[in-house]
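In: Would you be able to build a 3D model of this:
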Amino acid sequence: MKKFTKLSKLSLGDTVSIISPSADIAGRWPWVTELGLQRLKNELGLIPKEYATTRKLNATLKERAEDIMSAFRDPETKAVIATIGGQDQIKLLKYLDKKVFLDNPKPFFGFSDNTHLGNYLWNLGIPSYYGCCLLTQYSFEQGMLEFTLEYLRHAFFDTGEFELKHSPEYNDITNDWAKKESLEIPRKMEKNEKWYWDGTKDAEGILWGGCLESMVVQSATQVYMPKDEELEGTVLFLESADGNTLPWIAEYVLTGFGERGWLDKFQAVLIGRPKSWELDLQIGPDKKAKYRKDQRDTILKIVREYNPNIPVIQNLDFGHTDPQIVMPSGSSVRVDSKKQRIYITY
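Out: The predicted model follows:
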């Protein structure tokens with residue numbers, strides 16, 4: 001099993017670096033950025049530090065890569081937080097110096113396109129946290145959700161094993177941040193579905209995974225994927241980015257994993273609740289439920305073609321919907337199928 005560096009926990013008043021390794025939304029909609037920074041200070045007692053490209057529009061890949069390394073080099077910085085995801089982060093990985101991260105390992109927080117930096121660190125044996133970008137979970141309109149804050153506090157400050165809970169409600173209907181007044185409109189919360197649990201085996205392993213769409217380009221590139229032997233004893237976690245992600249994308253990615261023999265290496269598969277609503281794809285409850293079911297059915301079908309035994313648990317509270325569990329990639333997870341409970345070490 002791959003070995004990982006043990007990262008230090010934070011204390012109140014510590015400095016955290018805020019970077020934009022993907023999209024430049026922090027500069028396009030500064031009112032969302034300011035709200036996130038305020039929440040970071042007020043809710044978690046941490047002091048944000050910005051960099052040259054945190055709010056710069058159209059920053060180059062090299063500029064963003066340099067800011068990532070500057071944040072990790074900075075002795076004052078105790079953790080690094082991405083403002084948001086995007087689409088092109090994989091292109092900047094070639095500009096990163098591995099030695100910077102190996103000499104200065106620290107927690108990195110981000111999801112979606114930040115899958116690429118998270119997996120880059122994973123390959124170096126450095127854990128990271130999949131979830132909670134500044135502009136999404138910190139800037140949630142009616143205030144940071146307590147469910148989200150609970151797991152963020154575990155990630156920042158706590159050591160030990162904690163049980164994953166099930167949120168009774170969720171949100172995937174977002175506001176238009178381009179309109180400043182949208183921050184005054186509370187998000188709509190809906191009744192959450194149950195966990196969908198298939199399999200009776202218990203399991204334990206190290207978390208590896210991320211965003212389904214990012215795995216498409218990761219798989220095609222192959223340069224930044226783990227070695228086959230490094231995935232022995234791991235637990236796969238995946239979630240899809242938006243309502244435009246059709247089931248065949250999950251089918252192709254998981255088929256690729258299966259053909260590589262990875263679905264025999266994974267001890268369990270954890271799937272986050274799919275985001276089924278977009279500003280340009282506004283659908284009602286029935287269509288959203290069907291979208292989620294179609295994805296669930298596809299994922300279970302493909303996994304079972306390659307492995308009939310490992311537990312597959314879907315509709316977990318991580319990914320592009322809220323509230324959000326921040327998943328500690330590179331840390332251990334324990335699955336108790338008899339009691340249908342999941343425990344993660346932070």
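In: Would you mind giving both backbone torsions of the residue lying closest to residue 198 once chain neighbours are set aside?
Out: Excluding the flanking residues, the one nearest residue 198 by Cβ to Cβ, 6 or more residues apart in numbering is residue 312, at 4.7 Å. Every residue, glycine included, has its C-beta placed from N, CA and C. When quoted as degrees, to the nearest 10, the phi and psi of residue 312 stand at phi -120, psi 110.
In: before we move on, what about the one 3 residues further on?
Out: Dihedral angles phi and psi of residue 315 (degrees, to the nearest 10) take the values phi 70, psi 30.
In: for the residue nearest to residue 198, what are its contacts?
Out: 197, 198, 199, 268, 269, 271, 299, 300, 303, 304 (Cβ atoms under 8 Å, 6 or more residues apart in numbering).
In: okay, now the fourth one: neighbour count?
Out: Spelled out, that is residue 268. 24 (other Cβ atoms under 10 Å).
In: For the particular helix or strand that has it in it, name the packing helices and strands.
Out: For residue 268, the element it lies in under DSSP states H and E is strand 266-272. Applying 3 or more Cβ pairs under 8 Å, 6 or more residues apart in numbering; DSSP states H and E, one finds that strand 266-272 makes contact with strand 203-211, strand 234-239, helix 285-306, strand 312-316, strand 332-336.
In: okay, those, which one's buried deepest?
Out: Highest mean neighbour count of the helices and strands packed on strand 266-272: strand 234-239, a mean of 25 (counted as mean count of other Cβ atoms under 10 Å).
In: circling back to that earlier point, I'd like the contacts of residue 312 written out as CSV, with pLDDT and distance to residue 228 added.
Out: Listed next are the contacts of residue 312 as CSV, based on pLDDT from 0 to 100; distance: Cβ to Cβ, whole Å:
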residue, pLDDT, distance to residue 228
197, 98, 28
198, 98, 25
199, 97, 23
268, 98, 18
269, 98, 17
271, 98, 22
299, 98, 22
300, 98, 24
303, 98, 18
304, 98, 21
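In: hey, where'd the strands end up in the stretch 151-300 of the chain?
Out: For the stretch 151-300 of the chain, the strands defined by DSSP state E, counting those that start in this stretch cover 161-163, 169-170, 190-191, 196-198, 203-211, 234-239, 266-272.
In: Which of those sits closest to residue 37?
Out: strand 203-211 (24.4 Å; Cβ to Cβ).
In: Pull up the pairing partners for the closest one, direction included.
Out: Sheet pairing of strand 203-211 (DSSP bridges) gives strand 234-239 (parallel), strand 332-336 (antiparallel).
In: and residue 36, which of those is closest to it?
Out: Closest among these, using Cβ to Cβ: strand 234-239, at 21.1 Å.
In: Now do that closest one: everything it contacts.
Out: Here strand 234-239 makes contact (Cβ under 8 Å, 6+ apart) with 1-2, 130, 203-212, 215, 250, 253, 257, 262, 265-274, 299, 318-320, 327, 329, 333, 335.
In: Quick one: closest of the helices and strands packed on strand 266-272 to residue 187.
Out: Closest among the helices and strands packed on strand 266-272, using Cβ to Cβ: helix 285-306, at 14.8 Å.
In: can you state the direction angle for the closest one and strand 312-316?
Out: Going by axes from the mean of the first three to the mean of the last three Cα atoms, to 10 degrees, helix 285-306 is angled at 160 degrees with respect to strand 312-316.
In: and helix 285-306, what other elements does it pack with?
Out: In terms of contacts (3+ Cβ pairs under 8 Å, 6+ apart), helix 285-306 is packed against strand 196-198, helix 247-259, helix 262-265, strand 266-272, strand 312-316.
In: Give the buried residues for the third one.
Out: Which is helix 262-265. In terms of neighbour count (16 or more other Cβ atoms under 10 Å), helix 262-265 has its buried residues at 262, 263, 265.
In: now do the longest one
Out: Within helix 247-259, the residues scored as buried using 16+ other Cβ under 10 Å are 247, 249, 250, 253, 254, 257, 258.
In: tell me the angle it makes with helix 285-306.
Out: Using the same axes, to 10 degrees, helix 247-259 lies at 20 degrees relative to helix 285-306.
In: So which residues make contact with helix 247-259?
Out: 212-213, 215-216, 219, 236, 238, 240, 263, 266, 294-295, 297-299, 301-303, 305-307.
In: ok, now with 6 Å
Out: 212, 215, 219, 263, 294, 295, 298, 299, 302, 306 (Cβ atoms under 6 Å, 6 or more residues apart in numbering).
In: rewinding a little: so can I have CSV of the strands of the stretch 151-300 of the chain showing distance to residue 111?
Out: Formatted as CSV, the strands of the stretch 151-300 of the chain follow (distance: least, Cβ to Cβ, whole Å):
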stretch, distance to residue 111
strand 161-163, 19
strand 169-170, 16
strand 190-191, 21
strand 196-198, 21
strand 203-211, 7
strand 234-239, 8
strand 266-272, 9
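In: so which of these comes closest to residue 29?
Out: strand 203-211 (21.6 Å).
In: Let me see the mean pLDDT of that closest one.
Out: If you average the pLDDT over strand 203-211, you get 98.
In: So which residues make contact with that strand?
Out: For strand 203-211, contacts defined as Cβ under 6 Å, 6+ apart pick out 112, 115, 233-238, 241, 267-268, 311, 329, 332-335.
In: just how off-centre is that strand within its chain?
Out: 12 Å (Cα atoms, centre = their mean, to the nearest Å).
In: How far away from the center of its chain is stretch 287-304?
Out: Here stretch 287-304 shows a centroid-to-chain-centroid distance of 20 Å under the convention Cα atoms, centre = their mean.
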